[in-house]
Structures are given as structure tokens and as C-alpha cells.
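Asker: only geometry, no sequence info:
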């Protein structure tokens, strides 16, 4: 009987030691993903870009990603002012990604890549940002 109690106690203590050494999920609450989908230049300039740029420049978040999705891909490919703003954001440390499926719909995937934008499938990365606890803003 003493052996059984000893074994149960040992197993209980042994499993607690391992449970305490498990890797905790990274705290991503200080990371921001901005999903820019609007084809409206005013939304881009006066909200999406302004906040995204300042979120990085003012260190409101450690990491900031701007995701170009849908009509915003076409708008960005045609608007020099917005292209310059994106370059400014990139220089400040904002990572810029674009949905390749959307960019191809508008035939602008190569043009966006020329701007230094990471043009790729975005379903999985966006899902990862959300599941990992990144703050998300959709415009």
C-alpha cells in the first residue's frame, strides 16, 4: 500500500515539474496587423496610413504589418502619393504584405513587388496573426 501511495505521489510531482516547464505562448498583444482593403484614397491617407505609420514611428506597437488586400492593391499600384507613403512606412519599419490573389485579379502583383512589398498568399499569415493574438485593424 505504501508503495502505491509513493508511486502516485511521485507521478503527481513528476508531471507537475514538466507542466511548469512548458513553453508559454508568446505575448503578441504589442503587435499590430492592419488589413487595408479600401479602394478609397481618403481612407488610405487619412486613416489606414496615418495610423499605421504612427503606430510604428511612435512605438505604440513593437511590430506593425500593413496588409494590402482587395481594391487597395489596384489603388496603390496607380497612386504615386500612396506609393511614396508606403515607402516612408517601410523605412520606418512597417512590414508591408499584399494578397497575391487580389493583386493578380487587378494584374498588379509584379508592380507591388517592385515597391518592395511581400506579395504572397495572405489567408494563412492573416489567420496566424489573428490566432497568435496580434491586434488587428481592418479598413
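Answerer: Sure, I can see it. The shown structure was predicted, so the numbers you read here are calculated from the model rather than taken from an experiment.
Asker: What segments of this protein are helices?
Answerer: Assigned by DSSP state H, the chain shows helices spanning 2-20, 41-43, 49-57, 71-78, 80-92, 100-105, 109-114, 123-131.
Asker: May I have the residues that are in contact with the residue nearest the centre of the chain?
Answerer: When the chain is reduced to its mean C-alpha position, the closest residue under Cα atoms, centre = their mean turns out to be residue 33, at 3.7 Å. Applying Cβ atoms under 8 Å, 6 or more residues apart in numbering, one finds that residue 33 lies in contact with 65, 67, 126, 129, 130, 134, 135, 136, 137. (C-beta placed from N, C-alpha, C; glycine too.)
Asker: Then residue 36?
Answerer: Residues 44, 48, 52, 66, 67, 68, 69, 72, 139 are the ones in contact with residue 36 under the rule Cβ under 8 Å, 6+ apart.
Asker: same deal with residue 57?
Answerer: Neighbouring residues of residue 57 by Cβ under 8 Å, 6+ apart: residue 92.
Asker: Need the pLDDT of the residue nearest to the centre of the chain.
Answerer: According to the model's per-residue confidence, residue 33 sits at a pLDDT of 98.
Asker: Quick check: closest non-adjacent residue to it.
Answerer: Using Cβ to Cβ, 6 or more residues apart in numbering and skipping the chain neighbours, the partner closest in space to residue 33 is residue 129 (4.3 Å).
Asker: Verify the stated contact: the one you found with residue 64.
Answerer: No - proximity of residue 129 to residue 64 does not meet the contact threshold set by Cβ atoms under 8 Å, at 11.3 Å.
Asker: More neighbours: which of those two?
Answerer: When residue 129 and residue 64 are compared for neighbours, residue 64 comes out ahead with 26 against 21, by other Cβ atoms under 10 Å.
Asker: Would you confirm that the more buried one contacts residue 97?
Answerer: No - at 11.4 Å, residue 64 and residue 97 do not qualify as touching, with contact defined as Cβ under 8 Å.
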